[in-house]
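J.: model this:
(chains A and B)
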Amino acid sequence: DTGVSQDPRHKITKRGQNVTFRCDPISEHNRLYWYRQTLGQGPEFLTYFQNEAQLEKSRLLSDRFSAERPKGSFSTLEIQRTEQGDSAMYLCASSLPLGQEFEAFFGQGTRLTVV
Amino acid sequence: DQQVKQNSPSLSVQEGRISILNCDYTNSMFDYFLWYKKYPAEGPTFLISISSIKDKNEDGRFTVFLNKSAKHLSLHIVPSQPGDSAVYFCAASVNTDKLIFGTGTRLQVFP
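T.: Predicted coordinates for the structure are as follows:
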């Protein structure tokens, strides 16, 4: 297994356009998380799934953001009508909590630039 | 409300010496704590974790200590190497739900 994979690695888009990012988690992991990170800050939680169920979505998240994990495997994050403030690194992570162990692994991220 | 705090934005350590990175939290419900290393333009790399039923966990050069009464954890790196230079984030979770991250500490290991 090659770990968590995100596509694309970089995306430049014009303000007002829609963008979609994809995340492929580690194959046996049932939990999948989306985070956003801006310069000088820690990753900020957006939403997470257990299998195909979206368990939580950040209250700070605009309605322009939506995420899906239709078959409990890969996930997509869509941003509609992008704004310059959406420019950030979008990170995906996956985990398989087992007993006393909890390890969550991140992908390389998608760098979004809205111009 | 910053539930996870890393009060030192930067730390400089000589190669071979010990690096100690600190993290404080406010939510007593947190029961899992994780440390990550991050290089620019890359995703965070998982280093080590600890559950609240333990007070210490070791993995090679990395040891995490948890002091629940003080709501404090620390990451020790011994011996420090130049390749350890990166930004380190601590993160906490309740029942393996979402991770709440601190703002990070930039570690520089110099020769």
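
J.: A helix includes residue B:48, no?
T.: No: going by DSSP: H, G, I helix; E, B strand; the rest coil, the assignment for residue B:48 is strand, not a helix.

J.: now it, which residues is it bridged with?
T.: On the basis of DSSP bridges, residue B:48 is bridged to residue B:35.

J.: quick check: residues of chain B near chain A?
T.: B:4, B:32, B:34, B:36, B:41-46, B:49, B:51, B:53-54, B:89, B:91, B:93, B:96-104 (C-beta under 8 Å from any C-beta of the partner chain). In short, each C-beta sits where N, CA and C put it, glycine included.

J.: contacting residues around residue 16?
T.: Since you didn't name a chain, this refers to chain A. In this structure, residue A:16 makes contact with A:81-82, judged by C-beta atoms under 8 Å, 6 or more residues apart in numbering or on different chains.

J.: try chain B instead
T.: Contacts of residue B:16 by C-beta under 8 Å, 6+ apart are B:79-80.

J.: distance of it from chain A?
T.: Remark: distance between residue B:16 and chain A (C-beta to the nearest C-beta, to the nearest Å) = 28 Å.

J.: let me know the pLDDT of that residue.
T.: pLDDT recorded at residue B:16 is 97.

J.: do the one 5 residues further on as well
T.: At residue B:21 the predicted local confidence, pLDDT, stands at 98.

J.: same question, residue A:111
T.: 97.

J.: list the beta-bridge partners for residue 88.
T.: Answering for chain A, as no chain was given. For residue A:88, the beta-bridge assignment (DSSP bridges) gives partners residue A:112.

J.: that's the other chain; I wanted chain B
T.: Beta-bridge partners for residue B:88, by DSSP bridges, are residue B:37, residue B:105.

J.: ok, the one residue in chain B that gets nearest to chain A to residue A:102 distance?
T.: Residue of chain B nearest chain A, by C-beta to the nearest C-beta: residue B:101 (3.3 Å). Distance, residue B:101 to residue A:102, using C-beta to C-beta, to the nearest Å: 15 Å.

J.: those two: who's more crowded?
T.: Comparing residue B:101 with residue A:102 by other C-beta atoms under 10 Å in any protein chain shown, the one with more neighbours is residue B:101, at 24 against 21.

J.: mind listing the strands for chain A?
T.: A:5-7, A:10-13, A:19-24, A:31-37, A:44-50, A:53-57, A:65-68, A:75-79, A:88-95, A:104-106, A:110-114 (DSSP state E).

J.: so which of the ones you listed is nearest residue B:66?
T.: Closest approach to residue B:66 among those (C-beta to C-beta): strand A:104-106, 17.5 Å.

J.: partners of that closest one in the sheet?
T.: Counting by DSSP bridges, strand A:104-106 is paired with strand A:88-95 (antiparallel).

J.: by how many degrees do the strand it pairs with and strand A:31-37 diverge?
T.: Interaxial angle, strand A:88-95 versus strand A:31-37 (axes from the mean of the first three to the mean of the last three C-alpha atoms, to 10 degrees): 160 degrees.

J.: would you map the strands across chain B?
T.: B:4-5, B:10-14, B:19-25, B:32-38, B:45-51, B:56-59, B:62-67, B:72-77, B:86-93, B:100-101, B:105-110.

J.: average pLDDT for the first one, rounded please.
T.: What strand B:4-5 shows for mean pLDDT is 96.

J.: again with the fourth one
T.: Taken as a whole, strand B:32-38 has a mean pLDDT of 96.
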